[in-house]
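In: Fold the following and give me the result.
(chains A and B)
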Amino acid sequence: MVPTLYGRIQTRSVLLAVVGGLWTLIITPLLPTGESLGSSYRTTYAVLLAVLVLGVLWEFLYHFLQQFRWEKDWPTFFGLLTMINEGLLLWLLIKAGAVPGVGTVPLSAYLIQFVSTWLVVWLVANGPVQVFFVRWRFRGGRFW
Amino acid sequence: MVARAGIPIIDTRFVTVGGGIGSFVTVDYLRIYGVPASDITVLTQLETPWSSYEYLTRVSQIPRGERLRSDSKSTPDNIWGFPSYAVREALAAKSVKDFVRPLWNVMTEPILSDYYTPRAGQAFESMEREHDRIGYPQCVRKGQVRMIRRRKEGGYFTILTPPVGATPTRRLAYRSPYVHVAIGYPGLKLLPDLQRYREYYRDPSKVVNAYEPHEHVYQQLALRPGTVVIRGGGIVASRVLQRLIDDRDRLGLQTQIVHVFRTYVTGAHGPSIFMRRKGGDGWAYQGFNYPKSVWGGQLKAKIRGLEGEERAEAYKLMGGTNTPVRKLWQSQLARGRAEGWYRTVVGEVTELRPGRGNQGVVSLLKTQQGPVELYSDFVIDCTGLEADIREHRVLADLMDHSGAGRNPVGRLDVDRNFEVIGTRSQPGKMYASGSATLGGYFPGVDTFLGLQIAAQEICDDLAKLGFCQRFGVLASTKQWWHWARHRKI
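Out: Numbers count the residues shown, from 1 in each chain, chains lettered A, B, ... in the order given. Model prediction:
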């Protein structure tokens, strides 16, 4: 990918909201949360929102790091690696009770939701999104 | 005036001049945007859109089985870039290993692997499939374009000389509101010392340009040991070196290689830590012709806003001869250095002359250590200089008679929407893309993806003028589905 800062933020927001939103809808009933379905949905969507909000902040750091690259690109592989730092930070924040709307969450449920959502969004960003938005890749990831 | 001259007039809506990959991708976009094939005319001398490109890649040592220097998503047969070449290569694999390899490569590039690049054959075959799908042959009219002139009433005349005997008259005039010029490289240019040698000694066989057929060099080296001087530090030099070394290994040859660098890059270079390109052993390293973000990211956005000197400066900074880092090339050259059959010389060649008894060639070099004489059996020029745009008669005519001008880099000046600045003929418009327009608001025009970006801008502009429909999310999705099902349009 060759994102611009604004393109990063738009891509992150739109894909997490739409693709991540749909995926969360599908996967939540299958997660080992130990809670009722309604309460599980409240938690998973709160986690998704936290990934989005924190992610926008992360994007500023990634954009800064990208400046050290001659190509000013963001290799596909980095899109996978960043799952580790983001997932870890969010888990620590959840444990610290710092994420609004999220109480106690079993690690297994968190891992399944976070990793699978990340992979689905990453896969969509690396190809299928271009089918719907043919200019997206020429605009540094901006939809509008 | 045209009618009085006895030239038959043929009406059409859109003419594209050139008929190479630039014309092809533009027609592909137009057809996908809903323009009927009957409204489009391609004027060309080429057999197929890829024939000229294939010729150049083949002689410069990229036959169909070798890999191009092009990104996985730069797919001239598919405007969406999905599925990419890597995905398609994986899906066509016959073993698990061949399935995993391209996917792993593209997923880990350029960190754990070299950049994925498609085989030339894959690009040509997929283009042929798309060419058939969109009915491209229906649009083609063969012949040589002489000139494009503005009409007083608006729009343009494109004057074509068809093949002898193909038509009752020697000229045909295509009248259209819209014209697109994609004539490719105006021509090759040899370095001055090579040109002098060729003209003075009338010897085209020992001093060759890599973009000319030069198979005889490899054949003669296979018959008896010899020394080759390579000039240039770009991708073509890398490919020619690979061929020489592959032959050396495969046939057990004793070929000695002397590589002349005019500028020897010793390591990472650039004006600041935010603008440093990798390099070493003489080469400047870069994955593709330009830093990757010129095709859609930060650099595309930045250069779109630069004018004049500033733009020329940006081009200079990103440009310069460079080649990709490929593990195979790195290991071949490391072996050559260790075993002593590949060595580099830094300097500027001032003169070439035949060796004693007319055997081989002597290169006279100016180096920091003083003058040096190099004897070799062959000199292969891999510098890839391009001729001035004036060398092409259509472009020269556009500048002399239709108001076209030069951009800060000296090529044809086009706007952000690829309209040729100064040639407007209301309500018509003239566009240009490809190598002749290098130096504009969008770098990378002379690449697969660059041609597509240009075509997209042109079609979006034409949609604003009402020539075709606007291409939104629904139309895009529907057309992609047609593409995926290989449904003819």
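
In: residues contacting residue B:227?
Out: Applying Cβ atoms under 8 Å, 6 or more residues apart in numbering or on different chains, we find residue B:227 in contact with B:255-258, B:360, B:375-378. Where C-beta positions appear, they are placed from N, C-alpha and C, glycine not excepted.

In: pLDDT wise, what is it at?
Out: pLDDT for residue B:227: 97.

In: In the sheet, which residues pair with it? Tell me.
Out: On the basis of DSSP bridges, residue B:227 is bridged to residue B:256.

In: quick one, phi psi at the closest residue to residue B:151 other than its chain neighbours?
Out: The shortest distance from residue B:151 to any non-neighbouring residue, by Cβ to Cβ, 6 or more residues apart in numbering or on different chains, is to residue B:157 (5.8 Å). The phi/psi pair for residue B:157 (degrees, to the nearest 10) reads phi -110, psi 130.

In: Which pLDDT value goes with residue B:157?
Out: 97.

In: Near the closest residue in space to residue B:417 that isn't next to it in sequence, how many residues? Count them for me, please.
Out: The shortest distance from residue B:417 to any non-neighbouring residue, by Cβ to Cβ, 6+ apart, is to residue B:461 (4.3 Å). By the criterion of other Cβ atoms under 10 Å in any protein chain shown, residue B:461 has 18 neighbours.

In: and residue B:461, what is it in contact with?
Out: B:417-419, B:429, B:431.

In: Could you find which two of those are furthest from each other?
Out: Spatially, the most separated pair among these is B:418 and B:429, at 9.7 Å (Cβ to Cβ).

In: Settle it for me: which of the two has more neighbours?
Out: residue B:418 (28 against 24).

In: Does that one touch residue B:452 like I think?
Out: No - using Cβ atoms under 8 Å, residue B:418 is not in contact with residue B:452; the gap is 11.9 Å.

In: burial measure for residue 105, as a count.
Out: Since you didn't name a chain, this refers to chain A. Neighbour number of residue A:105 under other Cβ under 10 Å is 23.

In: not what I meant, chain B
Out: The burial count for residue B:105: 20, using other Cβ under 10 Å.

In: would you list the contacts of residue B:461 in TSV and tack on secondary structure?
Out: Formatted as TSV, the contacts of residue B:461 follow (DSSP: H, G, I helix; E, B strand; the rest coil):
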residue	secondary structure
B:417	coil
B:418	coil
B:419	strand
B:429	strand
B:431	strand
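
In: Just put those residues in JSON lines and tack on pLDDT.
Out: As requested, these are arranged in JSON lines below (pLDDT from 0 to 100):
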{"residue": "B:417", "pLDDT": "96"}
{"residue": "B:418", "pLDDT": "97"}
{"residue": "B:419", "pLDDT": "98"}
{"residue": "B:429", "pLDDT": "97"}
{"residue": "B:431", "pLDDT": "98"}
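
In: Include distance to residue B:320 when you put those into TSV, please.
Out: Output for the contacts of residue B:461, formatted as TSV (distance: Cβ to Cβ, whole Å):
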residue	distance to residue B:320
B:417	29
B:418	25
B:419	29
B:429	34
B:431	29
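
In: Tell me the bridge partners for the residue nearest to residue B:336 when sequence neighbours are not counted.
Out: Leaving aside its sequence neighbours, residue B:336 sits nearest to residue B:342 (Cβ to Cβ, 6+ apart; 2.7 Å). On the basis of DSSP bridges, residue B:342 is bridged to residue B:257.

In: Could you check the pLDDT of residue B:391?
Out: On the pLDDT scale, residue B:391 gets 91.

In: Tell me if I'm right that it and residue B:183 touch.
Out: No - the pair residue B:391 / residue B:183 is not scored as a contact, 10.8 Å apart, by Cβ under 8 Å.

In: So these two - more neighbours on which side?
Out: In terms of neighbours (other Cβ under 10 Å), residue B:183 is the more surrounded of residue B:391 and residue B:183; the figures are 23 against 14.

In: which SS class is that one?
Out: Classified using three-state DSSP, residue B:183 is coil.

In: In contact with it: list those residues for me.
Out: Per Cβ under 8 Å, 6+ apart, neighbours of residue B:183: B:17-18, B:20, B:145, B:392, B:394-395, B:434, B:436.

In: Export those as CSV, with columns for secondary structure, distance to residue B:346 and neighbour count.
Out: Listed next are these as CSV, based on DSSP: H, G, I helix; E, B strand; the rest coil; distance: Cβ to Cβ, whole Å; neighbours: other Cβ atoms under 10 Å in any protein chain shown:
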residue, secondary structure, distance to residue B:346, neighbour count
B:17, strand, 43, 24
B:18, strand, 39, 27
B:20, coil, 37, 25
B:145, strand, 44, 22
B:392, coil, 35, 19
B:394, helix, 40, 20
B:395, helix, 36, 22
B:434, coil, 34, 28
B:436, helix, 33, 27
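
In: Residue B:246: which of those is nearest?
Out: Of all those, residue B:246 sits closest to residue B:20, with 29.1 Å by Cβ to Cβ.

In: From residue B:445, how far out is the closest one?
Out: Residue B:20 is 13 Å from residue B:445, where distance means Cβ to Cβ, to the nearest Å.

In: Pull up the overlap in contacts between the two.
Out: Contacts common to residue B:20 and residue B:445, judged by Cβ under 8 Å, 6+ apart, are residue B:434.

In: picking up where we left off before, please convert the contacts of residue B:227 to a markdown table, extending it with pLDDT and neighbour count.
Out: Output for the contacts of residue B:227, formatted as a markdown table (pLDDT from 0 to 100; neighbours: other Cβ atoms under 10 Å in any protein chain shown):
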| residue | pLDDT | neighbour count |
| --- | --- | --- |
| B:255 | 97 | 21 |
| B:256 | 97 | 20 |
| B:257 | 98 | 21 |
| B:258 | 97 | 19 |
| B:360 | 93 | 17 |
| B:375 | 96 | 14 |
| B:376 | 97 | 23 |
| B:377 | 97 | 20 |
| B:378 | 96 | 22 |
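
In: of the residues you listed, closest to residue B:214?
Out: Using Cβ to Cβ, those come closest to residue B:214 at residue B:378, 8.2 Å.

In: distance of the residue nearest to residue B:151 from residue B:432?
Out: 17 Å.

In: more neighbours, the two?
Out: Taking neighbours as other Cβ under 10 Å, residue B:157 and residue B:432 compare with residue B:432 leading, 30 against 21.

In: helix, strand or coil for residue B:373?
Out: Reduced to three states by three-state DSSP, residue B:373 is strand.
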